[in-house]
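Trainee: structural data only, the sequence is not supplied:
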């Protein structure tokens, strides 16, 4: 399979297309701020789209990002392909004043093709439930609903945090491994010598929408990782770590099928902020 970039969206859309660069960080921040004022959504956020943060995390901006500028050089659209093992997460934002022109459809088509440029992978898009326009766009592009996600958040006040041992009697207490990553912090839970879940934390950049919040991401490595006996100590560890760093709020997306993680989050005082739909499509499924 070719490893080159797919063809750029056409000039008929009124924008000039090129990859994002680190120098576009301020332009993306302003673009996302304008979009958030209209959409009132939680996806995507600065950790998904900041070129500076993405570059630090090892994202190949030259190959896996797209910027659309108007004839005045103002950034009006941005898209990124986040590669993980066997799949890719697509993030994008369009200036509210430039919507309804086919730009979203063209960018999604480009992202999907870009995701496949190295090897066939499944692609995913997270869309806030309230964004009916984006949900229709995903459906028209051949994406189907693959699950629902609840975004929950709470302030960094650990004074009432439950003990690690508040799980069911007889449950194995996980061993938490603390790691420092290129983009933030991470904690791996081990049960009986086996890694079963990873919780990654990343601060939303200063000046971006929701700055002062930490975005937590849950990754399962084993079925035991979705239990509250694992989720509780991981979340408590993250809350204590970031509370000492003077952060304001913690935010995490939880798959509604992960009952144990939701139970642990609510036990710690996390409250529902919004819900989203995760859309996906497989390499062979294209309209």
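Mentor: Now that the structure is in, tell me what you want to look at. Fair warning: this is a prediction, and the values are worked out from it, not measured in the lab.
Trainee: next, residue 177: secondary structure please.
Mentor: Assigned state for residue 177: strand (three-state reduction, DSSP: H, G, I helix; E, B strand; the rest coil).
Trainee: excluding its backbone neighbours, what's nearest the most centrally placed residue in the chain?
Mentor: When C-alpha atoms, centre = their mean is applied to the chain, the residue found nearest the centroid is residue 48 (5.6 Å). Closest residue to residue 48 apart from its sequence neighbours, by C-beta to C-beta, 6 or more residues apart in numbering: residue 91 at 4.1 Å. In this view, the C-beta of every residue, glycine as well, is placed from N, C-alpha and C.
Trainee: check contacts around that neighbour.
Mentor: With contact set as C-beta atoms under 8 Å, 6 or more residues apart in numbering, residue 91 has these partners: 43, 44, 48, 49, 79, 80, 82, 126.
Trainee: coming back round to it: mean confidence for the helix or strand harbouring the residue nearest to the centre of the chain?
Mentor: Element membership for residue 48, per DSSP states H and E: helix 46-49. In this model, helix 46-49 has a mean pLDDT of 90.
Trainee: picking up where we left off before, the contacts of residue 91 into JSON lines, with extra columns for distance to residue 269?
Mentor: JSON lines is the format used below for these (distance: C-beta to C-beta, whole Å):
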{"residue": "43", "distance to residue 269": "23"}
{"residue": "44", "distance to residue 269": "26"}
{"residue": "48", "distance to residue 269": "25"}
{"residue": "49", "distance to residue 269": "29"}
{"residue": "79", "distance to residue 269": "35"}
{"residue": "80", "distance to residue 269": "32"}
{"residue": "82", "distance to residue 269": "30"}
{"residue": "126", "distance to residue 269": "24"}
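Trainee: output those as a markdown table; include the columns secondary structure and distance to residue 176.
Mentor: Converted to a markdown table, the contacts of residue 91 look like this (DSSP: H, G, I helix; E, B strand; the rest coil; distance: C-beta to C-beta, whole Å):
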| residue | secondary structure | distance to residue 176 |
| --- | --- | --- |
| 43 | coil | 28 |
| 44 | coil | 29 |
| 48 | helix | 26 |
| 49 | helix | 30 |
| 79 | strand | 36 |
| 80 | strand | 30 |
| 82 | strand | 26 |
| 126 | strand | 27 |
